[in-house]
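Engineer: based on what follows, work out the 3D shape:
(one chain, ligands or ions: 2)
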Amino acid sequence: YSYESIESIIKFILSRTSQRPEIGIICGTGMGGLADILYEKESFPYKEIPDFPVSTVPGHLGFLVFGKLNGTQVICMQGRFHVYEGYSVWKCVMPIRVMKLIGVRVLIITNAAGSVNQNFSVGDIMLIKDHINFSGLGSNNPLRGKNDDRWGPRFSPMSDAYDLRLRQLVRTIAKKLDLDKYLKEGVYCMIGGPSYETVSEIQLLKLLGADAVGMSTAHEVIAARHCAIRVIGISLITNSCVMKHDSEEMPANHEEVMEVGNLHKKDLEKLVTEIIMNIDTV
Ligand SMILES: O=P(O)(O)O[C@H]1O[C@H](CO)[C@@H](O)[C@H]1O
Ligand SMILES: Nc1nc2[nH]cnc2c(=O)[nH]1
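Structural biologist: Residues are numbered from 1 along each chain as shown. Ligands and ions are numbered 1, 2, ... in the order given. So this is what the prediction gives:
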């Protein structure tokens with residue numbers, strides 16, 4: 001997608017809504033209900049937006065939703081794109097550039113993830129402090145190819161990817177909402193998927209310092225940071241990864257991931273609502 005092609009998508013969308021949000025949300029698997037916290041909603045099915053990819057994964061509805069929360073305008077991706085769906089990595093992150101041109105300054109990225117850290121429990125919320133982009137360490141980076149400086153620089157720093165001030169805000173809010181007992185902080189590792197990890201792979205990720213693992217987010221954060229959008233990353237721990245060979249524990253499965261997402265959506269909704277009401281986008 002060239003800059004101009006994103007501009008024409010923007011033209012299509014903005015001619016159909018008068019909302020101009022500065023805060024974006026990406027809903028993780030089973031977390032599409034996050035859009036329900038909004039009122040005065042205007043929803044656009046991905047399949048009706050020119051050049052937009054479509055959602056193919058259960059638990060990802062496939063709508064771009066505009067709406068308000070206490071007077072603050074928000075844009076929400078009800079469904080994200082994963083590389084394992086067959087989309088190239090740059091295509092997966094295209095909606096983030098759409099958000100940028102709409103005027104988004106802060107992006108709340110949520111996901112469902114398996115825990116690698118054995119101190120984490122299912123239902124915990126992990127505030128992402130950093131990521132390991134396993135699939136991107138080679139050349140599967142969304143910024144690969146000719147750089148357009150209108151988005152950002154050729155070489156994009158990532159050491160400050162998960163905004164320190166915003167993380168402090170989330171911690172304070174979690175405490176106020178009495179969710180701090182569920183709030184963990186850690187490193188998210190993105191793998192390509194769609195197969196879940198072997199036991200040896202989980203042991204490797206643990207050695208590398210990962211606390212949770214999933215198949216999304218890192219590429220989105222790279223694209224967001226490249227165009228100077230500040231990021232909050234939140235993982236809902238939906239399953240504990242099997243850490244030992246020959247264990248009788250239940251293997252990871254997508255039904256469980258969606259079910260846990262659904263079960264804890266109220267906690268996430270409360271947290272995200274309060275974040276949006278307290279964020280300063282300046
Ligand atoms: O990261 P999200 O989209 O929340 O979903 C996670 O859950 C799915 C696997 O169950 C994978 O898509 C993984 O990335
Ligand atoms: N890769 C990966 N993605 C997930 N998404 C939700 N749970 C998991 C998991 O255990 N592994």
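
Engineer: return the distance of stretch 250-267 from the chain's centre.
Structural biologist: 16 Å (Cα atoms, centre = their mean, to the nearest Å).

Engineer: do stretch 248-263 as well
Structural biologist: Its chain's average C-alpha position is 19 Å from that of stretch 248-263, according to Cα atoms, centre = their mean.

Engineer: now swap in stretch 218-238 and tell me
Structural biologist: 6 Å.

Engineer: buried stuff in it?
Structural biologist: With burial defined by 16 or more other Cβ atoms under 10 Å, the residues of stretch 218-238 counted as buried are 218-227, 229-238. All C-beta atoms are positioned from the backbone trio N, CA, C, and that covers glycine.

Engineer: repeat for stretch 177-195
Structural biologist: Buried residues in stretch 177-195, counted by 16+ other Cβ under 10 Å: Leu179, Tyr182, Leu183, Lys184, Gly186, Val187, Tyr188, Cys189, Met190, Ile191, Gly193.

Engineer: pLDDT, distance to Leu204 and secondary structure for these - can I get that in CSV?
Structural biologist: Shown next, in CSV, are the buried residues of stretch 177-195 (pLDDT from 0 to 100; distance: Cβ to Cβ, whole Å; DSSP: H, G, I helix; E, B strand; the rest coil):
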residue, pLDDT, distance to Leu204, secondary structure
Leu179, 96, 31, coil
Tyr182, 95, 27, coil
Leu183, 97, 27, strand
Lys184, 98, 21, strand
Gly186, 98, 17, strand
Val187, 98, 14, strand
Tyr188, 98, 15, strand
Cys189, 98, 10, strand
Met190, 98, 14, strand
Ile191, 97, 10, coil
Gly193, 96, 16, coil
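
Engineer: of those residues, which ones also sit close to ligand 1?
Structural biologist: Restricting the buried residues of stretch 177-195 to those near ligand 1 by Cβ under 6 Å from any ligand atom leaves Gly193.

Engineer: which parts of the stretch 101-250 of the chain sit against ligand 1?
Structural biologist: So far as Cβ under 6 Å from any ligand atom goes, the stretch 101-250 of the chain lies against ligand 1 at Asn111, Ala112, Gly193, Gly214, Met215, Ser216.

Engineer: residues contacting the residue of the stretch 51-200 of the chain found nearest ligand 2?
Structural biologist: Per Cβ to the nearest ligand atom, Gly114 is where the stretch 51-200 of the chain lies closest to ligand 2, at 2.1 Å. Counting by Cβ atoms under 8 Å, 6 or more residues apart in numbering, Gly114 makes contact with Tyr196, Glu197, Ala212, Val213, Gly214, Ile237, Thr238, Asn239, Ser240, Cys241, Ala252.
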